[in-house]
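**Student:** the sequence and its predicted three-dimensional model are supplied below.
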Amino acid sequence: MLIRVEIPIDAPGIDALLRRAFPGEGEARLVHDLREDGLLTLGVVATDDEGQVVGYAAFSPVSVEGEDLQWVGLAPVAVDEAWRGQGLARQLIYDGLDSLNEFGYAAVVTLGDPALYGRLGFEPAARYDLHCRWPGTETAFQVHRLADDALEGVHGLVEYADHFNRL
């Protein structure tokens with residue numbers, strides 16, 4: 001198994017994985033459209049020994065109260081069914097966080113299971129008076145600081161690219 005930054009030749013494998021991992025084609029279309037519009041900050045893939053994509057994590061820009069603060073959103077994360085339960089999602093996310101930290105990004109937000117993401121260093125965003133536009137997501141919306149001062153004086157609405165509103 002190899003975990004690395006996605007390259008253009010990975011796109012069909014990522015698309016196939018997302019179509020297998022999620023009902024419908026929303027996530028596959030989301031990643032395709034983000035990539036096409038230059039809004040995919042980072043994609044991390046896991047490939048098996050034959051080079052097939054078996055895991056993926058995408059990061060795209062978000063704004064806070066309309067400002068670009070060098071924050072990104074994590075979504076989607078997918079692992080092929082045969083590879084689940086082996087910590088692959090955690091590895092993909094950690095590798096992504098490490099890369100983003102090296103690139104100078106300040107924070108990462110995500111919507112997901114608080115227990116899972118809490119183990120990865122994410123905290124409830126509401127603790128910092130941060131929220132997203134989707135109702136009923138208060139407990140699932142979380143933030144992970146990459147820069148020590150990323151959350152100082154920052155609060156309000158965190159907005160993902162409009163592509164996410166089409167899901």
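**Tutor:** Received the coordinates, thanks. Numbers count the residues shown, from 1 in each chain.

**Student:** packing partners of the lowest-mean-pLDDT helix or strand in the chain?
**Tutor:** Lowest on mean pLDDT, DSSP states H and E among the helices and strands of the chain sits helix 114-119, with a mean of 94. When contacts are defined as 3 or more C-beta pairs under 8 Å, 6 or more residues apart in numbering; DSSP states H and E, helix 114-119 sits against strand 141-145. Glycine gets a C-beta too; all of them are placed from N, C-alpha and C.

**Student:** what comes up buried for the following helix or strand past the strand it packs on?
**Tutor:** Per DSSP states H and E, the first helix or strand lying C-terminal to strand 141-145 is strand 156-160. Neighbour-count burial for strand 156-160, counted by 16 or more other C-beta atoms under 10 Å, picks out 158-160.

**Student:** which one of these is nearest Arg166?
**Tutor:** Arg166 lies nearest to Tyr160 out of the buried residues of strand 156-160, by C-beta to C-beta, at 10.9 Å.

**Student:** tell me who's in contact with that closest one.
**Tutor:** Contact partners of Tyr160, counting by C-beta atoms under 8 Å, 6 or more residues apart in numbering, are 60, 62, 73, 75, 132.

**Student:** turn the residues you listed into JSON lines, columns for pLDDT, secondary structure and neighbour count.
**Tutor:** Output for these, formatted as JSON lines (pLDDT from 0 to 100; DSSP: H, G, I helix; E, B strand; the rest coil; neighbours: other C-beta atoms under 10 Å):
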{"residue": "Ser60", "pLDDT": "98", "secondary structure": "strand", "neighbour count": "22"}
{"residue": "Val62", "pLDDT": "98", "secondary structure": "strand", "neighbour count": "23"}
{"residue": "Gly73", "pLDDT": "98", "secondary structure": "strand", "neighbour count": "21"}
{"residue": "Ala75", "pLDDT": "97", "secondary structure": "strand", "neighbour count": "20"}
{"residue": "Cys132", "pLDDT": "97", "secondary structure": "coil", "neighbour count": "19"}
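
**Student:** from these, which single one is nearest Val108?
**Tutor:** Of the contacts of Tyr160, the one sitting nearest to Val108 (C-beta to C-beta) turns out to be Gly73, at 7.2 Å.

**Student:** how much space between the nearest residue to the closest one once chain neighbours are set aside and Asp33?
**Tutor:** Leaving aside its sequence neighbours, Gly73 sits nearest to Val62 (C-beta to C-beta, 6 or more residues apart in numbering; 4.5 Å). Distance of Val62 to Asp33, computed by C-beta to C-beta, to the nearest Å: 16 Å.

**Student:** now Pro61
**Tutor:** 14 Å.
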